[in-house]
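# Following is a predicted model, sequence given first.
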Amino acid sequence: MSDIQNKPALNSHIQLIYGLAIILLVLLWIFQWIVGLIMTIPLILSFFYTVRKEKSRIDQTEAYISSLSHRIKRVGEEALLEMPFGIILYNDHYKIDWANPYMNQYSEESLVGESLNVLSEDIIPMIKENKEEVWVDLGENKFLTLIKKDERLLYFLDRTKQVELQNRYEDDQTVLAIIYLDNYEEITKTMDDTAKSQLNSEVTSILSNWANEYGLYLKRTSQARFLAVGTRKILQQLEKAKFDILDVVREYSGEQNNPITLSIGIGNGNVPLPVLGELAQSSLDLALGRGGDQVAIKEENGKVRFYGGKTNPMEKRTRVRARVISHALTELVKASDKVIIMGHKAPDMDSIGSAIGILNIAKANDVNGYIVFDQDDIDKGVQRLVESIKRKEELWQSFIEPGEAEEIITSQSLVVVVDTHKPSMAANEKLLEMTDYKVIIDHHRRGEEFIDNPTLVYMEPYASSTAELVTELLEYQPKTLKLSMLEATALLAGIIVDTKSFTLRTGSRTFDAASFLRSKGADTVLVQQFMKEDLDLYIKRSKLIEKAQIYYNQIAIAKGDPGTSLSPVLIAQAADTLLTLTGIEASFVISEREDGRIGISARSLGKINVQIIMEELDGGGHLTNAATQIENITIDEAEARLKAIIQKYWEGREE
């Protein structure tokens, strides 16, 4: 306003005009004074009229600006004090210097002088980390807090309705589930129509009641398959209940002597329905590949969660499937220029024996076969077997180094992976990317990590060992197949080691496979020679067992000394020995490995699922036999993590 007051009464344009008029008037006075006199009077009148009008205009402008300034000041005060969002000023000690009235409604007393922690303990750490925003809960409301660190200023924007809307949107996302009745075909095969109808009716009734309880839409699509449609909120409720429907069906089938269990595959994610269906089917395949009686939930990002899997998988593979797989493998072998076989890193008896069995399938079909074998990556537990193989020149020449395998492989070669399905565990992961023809033969429960685009998969978690599966495949090969005594013994050694001399995970098919190998000349005495151990290893294992502690009255945990590396076989043997002690249902042995990682070997008699526990540590295996290797961690840290996971598992088991 002062600028306006300091302005001249006339603006520059008017002053210029009057200046020119005065000059002309002076000239008239000099040359024509009469005319000059006449023109002076109207000029003076015009000047005074112009000055008056200009002053009136300036006064009106000043009044308008004064009114506008008052209104702006009033609006500013109202915006600062009555705006529907919070404003807080804080000092260098993170204490509140000033808060607008909007923030006072979230505190019974004045906020001034209080620490920012009274609002949320997350604010100060976020300020120190130079974050620009943080979510804060005040009462039942959710606020997006904007941080202006330089001004020591916080804005609190209420986003409660937005969050509620977003949560409702997330909760209402569609979830598809495929429910499969394990063993249905095998069980109903021997039933008459009445018993079969009663079983169908009871199982359908149980599932319908469960679906109605949680609000699922359930539709039976075949004798052994159901389709369920729900929402993400319903899925959260099912997860909270840990899918107790698995226990209900299992208990019912136990009462009726019909061992039916459920496998459920669930697809979850913000994706089109066809993709959601693919996720559900993929999850079901994963659940069945792990032995059934469990739930697999697959997210759109590929992450998988598992529930159930509390029981040992029942043997339900048939000889028909073994014959079909054997014939399919034969066709793939014949269509390839060579067969490259590999097991897992640090191979054991089962891995080497299975690889030798597949090598014989290649030979029986007149195709060259090679076993990928790293001589620097073997354990003393298989050293005697390897030494015996080296003495058989015809067999040993089929063993090649990983680098040599990369040189001879072509796009037409067939890669057969035995005793593992994880690419990171394969003897040479690069080989999997150098051909489109890959076969997986494994007896472990399927995990999240899996070899991409395999041509043929033969995974049977009901089998005692991969050697057992390969032996059955050998039975359907051409009669030209001739197993040597050493080759048959290597396969038998794989079965004996994995079953702990036919005491764990042993079915009737296991003895059939062992009988076939015995008929081919397998030597049980030689197996015992392979399995003999050194006195030093025996003493090391005994010292390890001596340090065992009992957890939850029935879990034994032993750990090695820091700085002392032990072999995976010795760790596994210690876990096996602990399991033989009275009252022990599960055992865990922790030790440093020669590769610098921490190894954990887990064993169970069946009541405790060690596979689930090891999967929490990025490992895997079977319900009764599992392991993991952890990087960048100490033994004590590994023990603490293991105990925390066991505690979580135990609490969930009791619930």
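Sure, I can see it.

# Pull the residues that contact stretch 382-397.
347-349, 352, 356, 375, 378, 399, 484, 486-487, 490, 493, 526, 529-530, 532 (C-beta atoms under 8 Å, 6 or more residues apart in numbering). Backbone N, C-alpha and C define where each C-beta goes, glycine included.

# cutoff 10 Å now
Here stretch 382-397 makes contact (C-beta atoms under 10 Å, 6 or more residues apart in numbering) with 346-353, 356, 359-360, 370-371, 373, 375, 378-379, 398-399, 484-487, 489-490, 493-494, 497, 526-527, 529-534, 569.

# now swap in stretch 244-255 and tell me
In contact with stretch 244-255 (C-beta under 10 Å, 6+ apart) are residues 179, 181-183, 187, 199, 202-203, 205-207, 209-211, 213-214, 238, 258-264, 292-295, 307-311, 655.

# In helices, which of these fall?
187, 199, 202-203, 205-207, 209-211, 213-214, 238 (DSSP state H).

# got the contact list for residue 263?
178-182, 246, 283-296, 308-309.

# Show me what it is bridged to.
Counting by DSSP bridges, residue 263 forms beta bridges with residue 180.

# so how far is residue 292 from it?
Residue 263 sits 5 Å away from residue 292, going by C-beta to C-beta, to the nearest Å.

# Name the residues contacting each of these two.
By C-beta under 10 Å, 6+ apart, the residues touching both residue 263 and residue 292 are 180, 181, 182, 246, 284, 308, 309.

# Among the residues you listed, name the buried ones.
180, 181, 182, 246, 284, 308, 309 (16 or more other C-beta atoms under 10 Å).

# State the helix or strand in which the fifth one lies.
Assigned by DSSP states H and E, residue 284 belongs to helix 273-289.

# Pull out the C-alpha coordinates of that helix and format them as PDB.
Taking Å, rounded to 0.1, in the frame of the first residue of the first chain, the C-alpha atoms of helix 273-289 are listed here in PDB:
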ATOM      1  CA  LEU A 273      -8.600 -65.300 -13.900                       C
ATOM      2  CA  PRO A 274      -6.900 -67.600 -16.400                       C
ATOM      3  CA  VAL A 275      -3.500 -66.800 -14.800                       C
ATOM      4  CA  LEU A 276      -5.100 -67.300 -11.400                       C
ATOM      5  CA  GLY A 277      -6.200 -70.800 -12.500                       C
ATOM      6  CA  GLU A 278      -2.700 -71.600 -13.700                       C
ATOM      7  CA  LEU A 279      -1.300 -70.500 -10.300                       C
ATOM      8  CA  ALA A 280      -3.800 -72.800  -8.500                       C
ATOM      9  CA  GLN A 281      -3.000 -75.800 -10.700                       C
ATOM     10  CA  SER A 282       0.800 -75.200 -10.300                       C
ATOM     11  CA  SER A 283       0.300 -75.000  -6.500                       C
ATOM     12  CA  LEU A 284      -1.600 -78.300  -6.600                       C
ATOM     13  CA  ASP A 285       1.200 -79.900  -8.600                       C
ATOM     14  CA  LEU A 286       3.600 -78.600  -6.000                       C
ATOM     15  CA  ALA A 287       1.600 -80.000  -3.100                       C
ATOM     16  CA  LEU A 288       1.200 -83.400  -4.700                       C
ATOM     17  CA  GLY A 289       4.900 -83.400  -5.600                       C
END
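
# okay, now the domains of the protein?
Following automatic domain parsing, one gets these domains for the chain: 2-81, 86-164, 181-308, 319-531, 535-654.

# Which members of the buried ones among the shared contacts of residue 263 and residue 292 define the maximum pairwise distance?
Greatest spatial distance in those: 181 and 309, 16.6 Å, computed using C-beta to C-beta.

# Which residue would you name as the spatial centre of the protein?
Closest to where the C-alpha atoms of the chain average out (C-alpha atoms, centre = their mean) is residue 303, at 3.6 Å.
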